[in-house]
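> here's my sequence, what's the structure:
(one chain, ligands or ions: 1)
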Amino acid sequence: MMGNRPVGKKRLQHPAACPLCDQAQETIDHLLVSCVFAHQVWFYILQRFGLQELAPNLEGGNFDEWWVNASGRVFGQVLNGSNSIIILGAWNLWNHRNRCAFDGASPSISNIISITFEDL
Ligand SMILES: [Zn+2]
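Residues are numbered from 1 along each chain as shown. Coordinates of the predicted model:
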């Protein structure tokens, strides 16, 4: 079974659907890996470094597995770089999700991407 951990259950009232795509139940793994929104964010961020083939596919899976798998496909300097990109991308996706869920922000792929490139 793939990871299916609900995010923020019982903590605050907000829709159970993913605030970024509004199409699926929100779990950490959905949010970071299998969400169509996250998928595009990862693709554009990784593409900038020629690493777009590391982007998660939409078939699901969980974040840990994807990261281990992605790390296993690159070496040396690229590995250090891709780890930084993945940590930062995940962090920015999470923050963006919070702004959409709690502050009424609208999901914006270009917003996450520009923040991530500034940080990198
Ligand atoms: Zn989603």
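
> near the ion at all, the lengthiest helix in the chain?
The longest helix of the chain (DSSP state H) is helix 76-102. No - no part of helix 76-102 sits close enough to the ion to count as contact by C-beta under 5 Å from the ion; the gap is at least 8.7 Å. In this view, the C-beta of every residue, glycine as well, is placed from N, C-alpha and C.

> helices or strands up against that helix?
Judged by 3 or more C-beta pairs under 8 Å, 6 or more residues apart in numbering; DSSP states H and E, the packing partners of helix 76-102 are helix 36-47, helix 63-71, helix 109-119.

> which among the ones you listed is found nearest to the ion?
Set against the ion and scored by C-beta to the ion, the helices and strands packed on helix 76-102 come closest in helix 36-47, at 5.4 Å.

> enumerate the residues of the protein near the ion.
Contact residues (C-beta under 5 Å from the ion) of the chain with the ion: 18, 20-21, 35.

> okay, those residues in JSON lines with neighbour count next?
Converted to JSON lines, these look like this (neighbours: other C-beta atoms under 10 Å):
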{"residue": "Cys18", "neighbour count": "24"}
{"residue": "Leu20", "neighbour count": "25"}
{"residue": "Cys21", "neighbour count": "17"}
{"residue": "Cys35", "neighbour count": "26"}
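
> sketch out the low-pLDDT regions of this structure for me.
Residues of the chain meeting the criterion pLDDT under 70: 1-15, 60.

> give me that answer again for 50
Applying pLDDT under 50 to the chain flags residues 1-3.

> so which residue is smack in the middle of it?
The centroid of the chain falls nearest to Leu32 when counting by C-alpha atoms, centre = their mean (3.1 Å).

> how about the nearest residue to that one once chain neighbours are set aside, what does it touch?
Leaving aside its sequence neighbours, Leu32 sits nearest to Phe63 (C-beta to C-beta, 6 or more residues apart in numbering; 4.5 Å). With contact set as C-beta atoms under 8 Å, 6 or more residues apart in numbering, Phe63 has these partners: 3, 28-29, 32-33, 90.
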